[in-house]
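# with the input below, show me the fold.
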Amino acid sequence: MARRIAFWGGLLFVGLVVGFICLRGYGSTLPVEHSATGSALIAAPPAAVYSIVTTAERASEWRPGVTHVTSLGTQSGRFRWTEDGEWGPITFEVLDFEASRRFVTMVVDHPDFGGTWTWTFEPAEGGTRVTIVENGEVYDPLFRVFTHHGNAAGTIEAVLTALQAFAGGR
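Prediction:
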């Protein structure tokens, strides 16, 4: 009986290892880059919504998973901050902005992923149409499998839903 359990346990272990290797191998064939987009109507004027989104220190008040924000000031002429939360510390940098209309941020030096988020704020009936375009990169092949076959826009949708709840929305 013990031999039978050891055999099946060993076989299960080998199967898991082979499966893991196959997933990583498959992930290495997928593109590092991806794009995702999401949009929502926020029941507040563009200037108010823009202020919420671009005030980094307020992110922990409304962004899902963000527990603390540390301002890093300006480096090389660009504002940086670090958000602590469920993904660990992530440092962001502002690449470009146009008050109340556009805000572009980039992930700085994260080992697992990177890329930019471009936020646009357009006046709309009843408030502001906020659109986020993610041009992302996933460096780990295993994570690439889940991004490719999962919901690449999931984080965008969660952020927009939280923004609606915080600032108002439909």
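
# okay, CA-based contacts and neighbour counts for the rest of this
Fine.

# how about the lengthiest helix in the chain: buried residues?
Determined from DSSP state H, the single longest helix within the chain is helix 2-29. Going by neighbour count (16 or more other CA atoms under 10 Å), the buried part of helix 2-29 is 23, 24, 27, 28.

# residues contacting the second one?
Same thing as residue 24. Residues in contact with residue 24 (CA atoms under 8 Å, 6 or more residues apart in numbering) are 141, 142, 145.

# gap between the lowest-mean-pLDDT helix or strand in the chain and the chain center?
Here the helix or strand of the chain ranked lowest by mean pLDDT, DSSP states H and E is helix 2-29, holding a mean of 77. Relative to its parent chain, helix 2-29 has a centroid offset of 31 Å by CA atoms, centre = their mean, to the nearest Å.

# ok, the closest residue to residue 39 other than its chain neighbours - how many residues close by?
Of all residues not flanking residue 39 in the chain, residue 131 sits nearest, at 4.2 Å (CA to CA, 6 or more residues apart in numbering). Using other CA atoms under 10 Å, the number of residues around residue 131 comes to 20.

# am I right that residue 131 sits in a helix?
No. Secondary structure of residue 131 (DSSP: H, G, I helix; E, B strand; the rest coil): strand, not part of a helix.

# report the beta-bridge partner residues of it.
residue 39, residue 120 (DSSP bridges).

# Provide a list of residues in contact with it.
Counted by CA under 8 Å, 6+ apart, residue 131 has contacts 37, 38, 39, 40, 118, 119, 120, 121.

# so how far is residue 160 from it?
Here residue 131 is placed at a distance of 9 Å from residue 160 (CA to CA, to the nearest Å).

# quickly list what's touching both of those two.
Here residue 131 and residue 160 have 38, 39, 40 as joint contacts, going by CA under 8 Å, 6+ apart.
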